[in-house]
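[1] model the following, please.
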Amino acid sequence: MSAPNLDLAIQQLGRCEMAKALLTAPLVEAAEQLDTRLTDVAPWKVVAGTASLSLGLAYLYSLTRHRTPLQIRIKNYIFKFVKKIPAVRRKIENEKNKIRQSFLEELNKPSKDTVDILALPETGLTSEQIIQQTKAYLTLGDMDWENGAMSGTVYNSSKELGELITKIYGMAAWTNPLHPDAFPGLRQMEVEVVRMACDMFQGDAKTCGCMTTGGTESILLACKAYRDMAVERGVEFPEILCPVSAHAAFDKAADLLGVGIRHVPLDKVTMRVDMSAMRRMISKNTMVLVGSAPQFAHGTIDPITEIGSLGLKYKIPVHVDACLGGFLVPFMREVGFPIQPFDFSVPGVTSISADTHKYGFAPKGSSVLMYKNTEYRSYQWFSFPDWPGGIYATPTVGGSRAGGIIAACWAAMLSFGKSGYQETTKEIVSTTQRIAKEISTIPGLKIIGIPEVSVIAFGSDEFNIYGLSDAMKERGWGLNALQFPECAHLCVTRLHTQPEVANKFIRDIKEATAEIMKDPKGGDAGSAAMYGMAASIPDRSIVSELTALYLDALYSNKQDLHLSNGHA
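    Numbering: from 1, shown residues only. Now for the predicted structure:
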């Protein structure tokens, strides 16, 4: 038996040697030619050339290792160069000045009859004066938000809850969770808020979390935790992998944390993330996979079970962003609405964010971030043990936090209880489905995505949808204008479940759409023109510059308006 095996081994050895010779021969020949050509070249030149080549290759490699893709950086450089051309620069500056002026006028118009307070009064005002001034300021504007005129924005309609929250906040106004020794009861409240939320999302005894100031901070902290985990395991350039529809807070987190972010395309019908594309886009740099339940723009829930499976397969954490519907989706199945799994019962899900200040009906400035266990949460903490002021450690972005918000959130959750949230969920989701059904029958309109929870997005193939948004604003409604694709949405809150509010919305949108359909091209002015222009600008940095003008105008006063007009 040994002889045939020996012959086979000799034959295989011969093949291996032949293959090796075929592979190495060109390299040997190239090396010999290089030696011949460099025979008369001074050694220092060989060293310098080698070093230059190595540095050049290293530089080319570095161009590919950047959180902004190379092709986008090249495009941005070209646009930056074009904007330096004098004629182009003048045109852009002229348009920016017009837009700046319009922002200043629009934002200062509601307070045109008030006198700006631009310096501390010489003597303090009386309590009565301050209350009167507060009432005057809080009645500015003409949007009837108390009766459901706004999309989202204000989620609670209960005056009783408002009175309770105000009283509880007043009791805890001076407390600060940074000092648990001084306010142990406040620490207990935060613990209970987190535990109640973990229970809602099918967590077990190991599930943990913390309170934050809102969905953006919850998302930022989750991304911070996963960045640090990725760096610890040797990832040099961590990346967030999220759907195109994921909240912009993930982009803000990427910017603040110095990590990359890649956006996965959506299914064009359901507006759910394209799972095949997500699978293809996973790389060794992926630090977290993201899914929404639901996403803000179209109200669609991503396939969390499939995302969780990818997370398990590739050993990547999975974050579920339930900031918008976090106090609706846990109760939907209980009140008869079908819903796919989205919580800690899904294998692979490692963290969830849910805003208590939306459908949890707590005051603004509160959210809950939950983790599967303390190991994940430990990467969120910040600690600086070498500060002269003492060992400094905080669980969230802020050091001091408003204890009144924590206490008020705790009170809201206890006030509603499971039955209260079940009731509001049934009212809100039922109202959403009813409005969506009516919109789907309106000639000229179409539903975008699947309105699974509380958001109805709609667009049109017949006219500029932003023209309808303007028409609805004239009738007292404030809708959200969306892009890519062009559409608008209504985020249904408890205010919209009040008697006749939904009926009025349905009636108004039918009438406004019918009016536009008489002349479909006639609604291309106002925000329709602005959003159309913004969507068509290939250089997105210009859009960012325009939004910066808006943000600047938010902090303007009437003196700035006069200066902008050229007055002294």
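
[2] can you count the residues close to the closest residue to Val429 other than its chain neighbours?
    Counting by C-beta to C-beta, 6 or more residues apart in numbering, Phe337 is the residue found nearest to Val429 once chain neighbours are left out, at 5.4 Å. No exception for glycine: its C-beta is placed from N, CA and C like everyone else's. Here the neighbour count serves as a burial measure; for Phe337 (other C-beta atoms under 10 Å) it reads 18.

[3] so Phe337 touches Glu427, yeah?
    No: using C-beta atoms under 8 Å, Phe337 is not in contact with Glu427; the gap is 11.8 Å.

[4] could you give the mean pLDDT of the longest helix along the chain?
    When the chain is parsed with DSSP state H, its longest helix is helix 403-440. Over the span of helix 403-440, the pLDDT mean works out to 98.

[5] so which bits of that helix are buried?
    Applying a neighbour-count criterion of 16 or more other C-beta atoms under 10 Å, one finds 403-413, 415-416, 420-422, 424-433, 435-436, 438-439 buried in helix 403-440.

[6] also stretch 453-467?
    For stretch 453-467, the buried set under the neighbour-count rule, 16+ other C-beta under 10 Å, comprises 453-460, 463-467.

[7] out of the residues you listed, flag the one nearest to His357.
    For these, the closest approach to His357 (C-beta to C-beta) belongs to Ser454, at 14.8 Å.

[8] Pro317: how many residues sit nearby?
    Using other C-beta under 10 Å as the criterion, Pro317 is surrounded by 23 other residues.

[9] what's near enough to touch the spatially most central residue of the chain?
    In the chain, the centroid-proximal residue (C-alpha atoms, centre = their mean) is His247; its distance is 2.4 Å. Residues counted as contacts of His247 (C-beta atoms under 8 Å, 6 or more residues apart in numbering) are Gly215, Thr216, Ile219, Ser292, Gln295, Phe296, Asp321, Cys323.

[10] one more: Ala402?
    Asn176, Gly365.

[11] quick one: it from Leu178, how far?
    Taken as C-beta to C-beta, to the nearest Å, the spacing of Ala402 relative to Leu178 amounts to 11 Å.

[12] find residues that contact each of these two.
    With contacts taken as C-beta under 8 Å, 6+ apart, not a single residue reaches both Ala402 and Leu178.

[13] which residues does stretch 390-400 contact?
    Defining contact as C-beta under 8 Å, 6+ apart, one finds that stretch 390-400 is touched by 176, 178, 210-213, 217, 220-221, 380-385.

[14] if any of those residues are buried, give me the ChimeraX selection for them.
    Buried residues within these, as defined by 16+ other C-beta under 10 Å, are selected in ChimeraX through the command that follows:
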select :176,210,211,212,213,217,220,221,380
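
[15] filter the contacts of stretch 390-400 down to the ones in helices?
    Among the contacts of stretch 390-400, the ones falling in helices (DSSP H) are Glu217, Leu220, Leu221.

[16] now do the same for Phe458: helix, strand or coil?
    strand (DSSP: H, G, I helix; E, B strand; the rest coil).

[17] what about the nearest residue to Gly325 once chain neighbours are set aside, which helix or strand?
    With C-beta to C-beta, 6+ apart as the measure, Val453 is the residue that lies nearest to Gly325, at 4.5 Å, once sequence neighbours are left out. Val453 is part of no helix or strand when elements are defined by DSSP states H and E.

[18] ok, and the helix or strand in this protein with the lowest average confidence?
    One helix or strand of the chain scores below all others by mean pLDDT, DSSP states H and E: helix 527-536, with a mean of 61.

[19] wait, a strand at Lys75?
    No: secondary structure assignment places Lys75 outside any strand; it is helix (three-state DSSP).

[20] tell me the spacing between Gly326 and Ile450.
    From Gly326 to Ile450 the distance is 19 Å (C-beta to C-beta).

[21] between those two, point out the one with more neighbours.
    Gly326 (29 against 18).

[22] name the SS class of that one, please.
    For Gly326, the secondary-structure state derived from three-state DSSP is coil.

[23] excluding its backbone neighbours, what's nearest it?
    Counting by C-beta to C-beta, 6+ apart, the nearest residue to Gly326 once its immediate chain neighbours are dropped is Ala354, at 2.6 Å.

[24] show me what stretch 204-217 is in contact with.
    By C-beta under 8 Å, 6+ apart, the list of residues contacting stretch 204-217 from outside reads 190, 193-194, 197-198, 201, 218, 221, 247, 249, 252, 321, 323-324, 344, 353, 355-357, 364-374, 377, 380, 395-398, 401, 405-406, 409.

[25] filter those residues down to the ones in strands?
    Judged by DSSP state E, the contacts of stretch 204-217 include Asp321, Ser353, Ser367, Val368, Leu369, Met370, Tyr371 as members of strands.

[26] from those, which is closest to Gly148?
    Ranked by distance to Gly148 (C-beta to C-beta), the ones in strands among the contacts of stretch 204-217 are led by Ser367 at 23.5 Å.

[27] show me the contacts for the closest one.
    Neighbouring residues of Ser367 by C-beta under 8 Å, 6+ apart: 211-215, 217-218, 323, 353-357.

[28] circling back to that earlier point, relative to Cys223, how far out is the residue nearest to the centre of the chain?
    If you measure His247 against Cys223 using C-beta to C-beta, the figure is 12 Å.

[29] now Leu328
    24 Å.

[30] do the same with Ala30
    Distance of Ala30 to Cys223, given as C-beta to C-beta: 48 Å.

[31] likewise for Leu53?
    Distance, Leu53 to Cys223, using C-beta to C-beta: 39 Å.

[32] those two: which is more packed in?
    Counting neighbours by other C-beta under 10 Å for Leu53 and for Cys223 shows that Cys223 has the greater number, 28 against 10.

[33] now the angle from the host helix or strand of that one to strand 367-371?
    Under DSSP H and E, the secondary-structure element containing Cys223 is helix 215-232. Using axes from the mean of the first three to the mean of the last three C-alpha atoms, to 10 degrees, the inter-axis angle of helix 215-232 relative to strand 367-371 is 30 degrees.

[34] re earlier: so what's the residue nearest to Gly326 bridging to?
    Here Ala354 sits in beta bridges with Val368, as judged by DSSP bridges.

[35] tell me the contacts of it?
    Listed by C-beta under 8 Å, 6+ apart, the contact set of Ala354 reads Ala197, Met200, Phe201, Ser218, Ala322, Cys323, Gly326, Phe327, Gly360, Ser367, Val368, Met370.

[36] pull out the buried residues from these.
    Once neighbours are counted (16+ other C-beta under 10 Å), the buried part of those comes down to Ala197, Met200, Phe201, Ser218, Ala322, Cys323, Gly326, Phe327, Gly360, Ser367, Val368, Met370.

[37] pull the most distant pair out of the residues you listed.
    In these, the most distant members under the criterion C-beta to C-beta are Met200 and Ser218, with 15.1 Å between them.

[38] could you check how far the residue nearest to Val429 is from Arg227?
    Distance from Phe337 to Arg227, counting by C-beta to C-beta: 36 Å.

[39] got a list of what the closest residue to Leu118 other than its chain neighbours touches?
    On the basis of C-beta to C-beta, 6+ apart, the spatially nearest residue to Leu118 that is not a chain neighbour turns out to be Asn557, at 6.6 Å. With contacts taken as C-beta under 8 Å, 6+ apart, Asn557 has the following neighbours: Asn108, Asp116, Leu118.

[40] against Thr114, how distant is the nearest residue to the second one once chain neighbours are set aside?
    I take that to be Asp116. Taking C-beta to C-beta, 6+ apart as the measure, Asp116 lies nearest to Asn557, with 4.6 Å between them; neighbours along the chain are not counted. In this structure, Asn557 and Thr114 are separated by 10 Å, where distance is defined by C-beta to C-beta.

[41] what does Lys135 give?
    Applying C-beta to C-beta, the value for Lys135 to Thr114 is 12 Å.
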